[in-house]
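Novice: pasting the sequence and the predicted coordinates here, then a few questions.
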Amino acid sequence: MLAVLLCALCASAPAPELEARLGAAIPAAMKAFVFIDGGSGVIVSPDGLVLTCDHVVKLRDEWEVFTTDGARRTGRVLGRHVAGDLAVLGLEDARGLPYLPVAEPDACRVGETVFAIGNPFLLGMQNPRLLPAAPSFVPSVSCGMISGVRRFGPVHLDAIEVDAPLNPGNSGGPIVNLRGEIVGIGSRIASRFGLSASTGVGYGAGAALIRKLLPALAGAEGKEIARGTLRGLRLERGEGRVIVAAAGAGGETSAFAEGDVIRSVGNIAVHSPEHFLNALGTYPAGEEVVCWIARKGADALISVRLAARSDETAFLGVRVLSDFGGARVEETTGPAEAAGIEDGDLIVALGGILVESPEELAAVLGMYRPDDVVSVDVMRGEEAASFTVKLGARPKGREREGSRFL
Amino acid sequence: MLARRAQQASVGIVCRGPRGGYFGTGTIIRADGVILTSSTVLPPGASEIRVTLGDGRMVPASLLAVDTVKECALAQLEDGPMPYLPLRLDEDQRVGQIVLSLGNAFGVAGGEGRVSVGAGILSGRYVLRETRGEATYKGPVLETDAPLNPGSDGGALLDSSGAVIGVLSLNYSPLRFLGTAVPIQSLKEFIETAAGAVPLASGAARDALPRGVLDAWARRVVAIEVERTSDAVMRRGGFLPQGLDMMRRRQPEAFARPKGCVSGVCIGGDGRILTSWYNAAGAVARIRARDAEGAWVECALVAASEIDDLALLRAEGGVWEAAGLADRGSIAPGGAVFALGRSPDPASLTVTGGIVSASFRNNERFFQHDTAVNFGNSGGALIDRAGRFLGVAAYVGHVWPEWSLNSGIGFGVRPERIAEALPALQDGENLPAWSELPFLGVRSLGGEQARGEIAIGVMPGSAAERAGLASGDAIVGVAGEAVSSWREIIKAINKYRAGDKIAVIVLRNGERKLVPVTLAARPEGS
């Protein structure tokens, strides 16, 4: 009976038999919700571990965090994972907090009813220091279902896809099932009509990725954790299959042999070389994973230890401030200066992807590597202008100063 | 189960066509691998057709037939048997039933193999007379609030039994910005001619809300036609941030007030109609509303309240059926919310669905919901599953343009606020605009929902500070009225205007103190 209920169609409104359960699950889940600046987060342990998106907390190490009872706490970034868009904060002096568990990944099925809690368009929290209005700490909740699982893309890794409306400000907020478990962390929305608003296609790191990374994130001492990879394999594309064309000479990749067909990494079935590399990236570097391969017609399992994949991000050379509808350039250097971007320009898009805040600019920039060439759309006064920028590498030895620049 | 079965029978398609590469969605409709899709996915002369199956395999297919007038196409996979979905050819596609949309939205299937499944309601049935973008189909369409995005074209619209009731199209009404599908009935002949007989379904489909509720509300929700002498777009504050201005240049259609009718809800048998302030604002020359019997009747604008996004109209004659307001307690997060409208086709009701996102917003005037709201249904009724009238669907695009296009950010004027505003509106009194409200300059330290003695913070330089109110004071009385909530304080103050002198009673260190305050005008941007 439970299985039948869970597969009942949600519609955009919950199915009649689910409405009461939804109404009961929401207030309980909200207790574990936190506001982090303009974004969202969720408490996942009684001692104050908070899950959120990397792009929400990228710019600083310490954040002012509000729970829905209006209490203010300090949250320190414990670890970040760029490709998975996940980060963990630790709340100071936290004990006995309400929290949500992370769902069993296999229980997250397409068609399951879920709800998203977040702070879209800052409707749920107006920081009393910023706005002369009554402070309010009531997040927004939206409902939908899991539209897809195991989604991989340029800005998401082993994500779930949901049709529950996600909007700017939902980033970092939990996507929760009717059992009150986290199935994902809201991260990205596919946009249409040039608008940064829900299209019914939203992505977030799924429970599988969260479970894999959470211990490493909590213990990363404020650093970025590297995604795992295997170096030295040459791969070929088959009809929906990955074939090892040449195995590495040494190290872990020597477990592979030319002609092996790679079927899965852990429990992620892989169809293409990109897919294989993405699947490896769902594990932290240094971890041992089991690959299922077919060798000369027979199935075999091989175990390999992953190397670290560099997540070196590209450098645009702008210092920006948040401004309505974009990122306002305060100062330029290096690549941006050379391309002609000026102080006062409002950056509204990078590589054709709209950005509405410094955080989003940083996130989109994170998709690029040094030496990539990318278009930057700005508003200069009333005029729109577009620049082509060859991205550089983040200047070394000026970490403190350079960190203010994107 | 249904969602996964539907996902397995849906495919991603790419091909080479006359204008380069095409991509979209298709549905396997027979076990031997017949694929139904759109001519915007497989155009005439399509070659190098590659189909991504649900298991991630990419296989070739050949084109069977294309019809650009009906915007559909058929292809054949080489190997079978395949999971498939049956077609539903009886005429019984009711607005308000539960549907699923299957789409290779934004090309997602190319990476992963499996298309996206979204759920929603069959939200409207009307005729599209113009085409948009790549779409070639004009005629009757099924509309849904389930997701439909670029790449979803050619995918299936399913009823709750898993039967195909339409083929998703890229055409849409600018009054709605919601997805549409070509009804499967109109493709029957094309399919049978090109592919022979295909499996049919006749199982019962479920409704999202009781049929009796919809039938009762069909007579209370009315279409409104507003003629204007100028098409100027209304915007709160008269400004738009620069970034948004650029988007407006890119996508002017998304922001212009489209031609066509809007919605309202009848609240008096004598022809009193509530709608969104936005719908009745601007250079209005003439307003007509369609009564319960389908006749168009001239209307007068009685009064409006911009901050409540409410306008009251009165029809001069006609047959009307009135809705009664729900009580204050019935709006809680997670409760189902349905938005009813009568646009673009005044003769047919539209229904979109969602939930209550937050019970109170904006000084408790509104509640927030995630039900799709657009130009056409703003001003219409928001109801729950039992048919209780929760509020009027606010138009929000002049506050934030994104919100007008079904973003999942919607607001409803709360029933008790409607009840509170109605007496003045019925007397023909426009309620003050935001900028006309007086300003005391305090905020509630306990938030908007604070009850009891309201501890305040005092803004520097405000009327409150000049009068000697201090942060930490607790307000218990305003202008002779005892107050016990933040909302009551706001209400009491808003009866006055800037320049009026009122007495505020506060508790300070346990003692009652009367403080005379001269109210000021609202500062910019507060």
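Specialist: Cool, the structure landed. All of these numbers come straight from a predicted model, not from anything done at the bench. Residues are numbered from 1 along each chain as shown, chains lettered A, B, ... in the order given.
Novice: where in the stretch 301-406 of chain A is pLDDT low?
Specialist: Residues of the stretch 301-406 of chain A meeting the criterion pLDDT under 70: A:310-313, A:324-325, A:352-354, A:356, A:359-360, A:363-364, A:366-368, A:396-404.
Novice: how about the strands in it?
Specialist: Under the criterion DSSP state E, counting those that start in this stretch, the stretch 301-406 of chain A contains strands at A:307-309, A:314-315, A:318-323, A:326-332, A:346-350, A:353-354, A:373-380, A:383-390, A:392-393.
Novice: what of the stretch 51-200 of chain B?
Specialist: Ranges of strands in the stretch 51-200 of chain B, per DSSP E, counting those that start in this stretch, are B:58-67, B:72-77, B:98-103, B:116-128, B:139-144, B:156-159, B:164-169, B:179-183.
Novice: and whatever residue of the stretch 1-150 of chain A ends up closest to chain B, what element?
Specialist: Relative to chain B, the nearest point of the stretch 1-150 of chain A is A:Gly111 (2.7 Å; C-beta to the nearest C-beta). (C-beta placed from N, C-alpha, C; glycine too.) For A:Gly111, there is no helix or strand it lies in under DSSP states H and E.
Novice: looking at it, it is touching A:Ile146, isn't it?
Specialist: Yes. Here A:Gly111 reaches A:Ile146: they are 6.6 Å apart, a contact under C-beta atoms under 8 Å.
Novice: the more surrounded of these two?
Specialist: Under the criterion of other C-beta atoms under 10 Å in any protein chain shown, the comparison of A:Gly111 against A:Ile146 puts A:Ile146 first, with 26 against 22.
Novice: for the nearest residue to the more buried one once chain neighbours are set aside, the count of nearby residues, please.
Specialist: Distances taken as C-beta to C-beta, 6 or more residues apart in numbering or on different chains place A:Glu112 nearest to A:Ile146, at 4.8 Å, with adjacent residues excluded. For A:Glu112, the neighbour count with other C-beta under 10 Å is 22.
Novice: A:Glu112 reaches A:Asn177, doesn't it?
Specialist: Yes. The pair A:Glu112 / A:Asn177 is scored as a contact, 6.0 Å apart, by C-beta under 8 Å.
Novice: tell me, what's touching the two both at once?
Specialist: Common neighbours of A:Glu112 and A:Asn177 are listed as A:Val183 (criterion: C-beta atoms under 8 Å, 6 or more residues apart in numbering or on different chains).
Novice: can you tell me the SS state at A:Asp158?
Specialist: Per DSSP: H, G, I helix; E, B strand; the rest coil, the local secondary structure of A:Asp158 is strand.
Novice: contacting residues for the residue lying farthest from the centre of chain A?
Specialist: In chain A, A:Lys296 marks the outermost C-alpha relative to the chain mean, sitting 38.5 Å out by C-alpha atoms, centre = their mean. Taking C-beta under 8 Å, 6+ apart, we find A:Lys296 in contact with A:Gly259.
Novice: specify the beta-bridge partners of A:Tyr262.
Specialist: You called it Tyr, but residue A:262 is Ile. Note on A:Ile262: beta-bridge partners A:Val242, A:Ile293, judged by DSSP bridges.
Novice: so which residues of chain B form helices?
Specialist: B:2-8, B:109-112, B:188-195, B:211-218, B:242-250, B:252-255, B:277-280, B:415-426, B:463-467, B:486-493 (DSSP state H).
Novice: which one of these has the lowest average pLDDT?
Specialist: Per-segment mean pLDDT for the helices of chain B reaches its minimum on helix B:242-250, at a mean of 50.
Novice: residue ranges with poor pLDDT in the stretch 101-250 of chain A?
Specialist: Residues of the stretch 101-250 of chain A meeting the criterion pLDDT under 70: A:126-135, A:154-155, A:192-195, A:232, A:239-240, A:247-250.
Novice: got it, and the stretch 301-450 of chain B?
Specialist: B:397-404.
Novice: ok, the longest strand anywhere in chain A: who's next to it in the sheet?
Specialist: In chain A, assigned by DSSP state E, the strand with the most residues is strand A:140-153. Each strand paired with strand A:140-153, and its direction, by DSSP bridges: strand A:113-118 (antiparallel), strand A:156-162 (antiparallel).
Novice: name all residues that make contact with residue 159.
Specialist: Since you didn't name a chain, this refers to chain A. Counted by C-beta under 8 Å, 6+ apart, A:Ala159 has contacts A:Arg150, A:Arg151, A:Phe152, A:Gly153, A:Gly184, A:Ser187, A:Arg188, A:Tyr203, A:Gly204, A:Ala205, A:Gly206, A:Leu209.
Novice: the intended chain is chain B.
Specialist: Contacts for B:Asp159 (C-beta under 8 Å, 6+ apart) come out as B:Arg88, B:Gln93, B:Gln97, B:Ile98, B:Val99, B:Leu122, B:Ile165, B:Ala205.
Novice: pick the most deeply packed of the helices of chain B.
Specialist: Among the helices of chain B, judged by mean count of other C-beta atoms under 10 Å in any protein chain shown, the one packed with the most neighbours on average is helix B:277-280 (a mean of 26).
Novice: give me the distance from that helix to the chain's centre.
Specialist: 16 Å (C-alpha atoms, centre = their mean, to the nearest Å).
Novice: with stretch A:169-186 instead?
Specialist: Its chain's C-alpha centre lies 12 Å from the corresponding centre of stretch A:169-186 when counted by C-alpha atoms, centre = their mean.
Novice: go through it and flag the buried ones.
Specialist: By 16 or more other C-beta atoms under 10 Å in any protein chain shown, the buried positions in stretch A:169-186 come out as A:169-178, A:180-186.
Novice: out of the residues you listed, which touch chain B?
Specialist: Among the buried residues of stretch A:169-186, no residue is within reach of chain B (C-beta under 8 Å from any C-beta of the partner chain).
Novice: quick one, helices of the stretch 51-200 of chain A?
Specialist: Ranges of helices in the stretch 51-200 of chain A, per DSSP state H, counting those that start in this stretch, are A:54-57.
Novice: for it, which residue gets nearest to chain B?
Specialist: A:Pro165 (2.2 Å).
Novice: hang on, the earlier thing: just want to check the distance between the closest residue in space to the residue of the stretch 1-150 of chain A closest to chain B that isn't next to it in sequence and A:Gly200.
Specialist: Excluding its sequence neighbours, the residue lying closest to A:Gly111 (C-beta to C-beta, 6+ apart) is B:Ala3, at 2.7 Å. Applying C-beta to C-beta, to the nearest Å, the value for B:Ala3 to A:Gly200 is 14 Å.
Novice: next: B:Lys501.
Specialist: 53 Å.
Novice: between the two, who's got more neighbours?
Specialist: Between B:Lys501 and A:Gly200, counting by other C-beta under 10 Å, A:Gly200 is the more crowded of the two (34 against 11).
Novice: how many neighbouring residues does A:Asp106 have?
Specialist: A:Asp106 has 10 nearby residues by other C-beta under 10 Å.
Novice: ugh, wrong one, B:Lys495
Specialist: 12.
Novice: report the contact partners of it.
Specialist: B:Ala479.
Novice: distance of it from B:Pro432?
Specialist: 10 Å.
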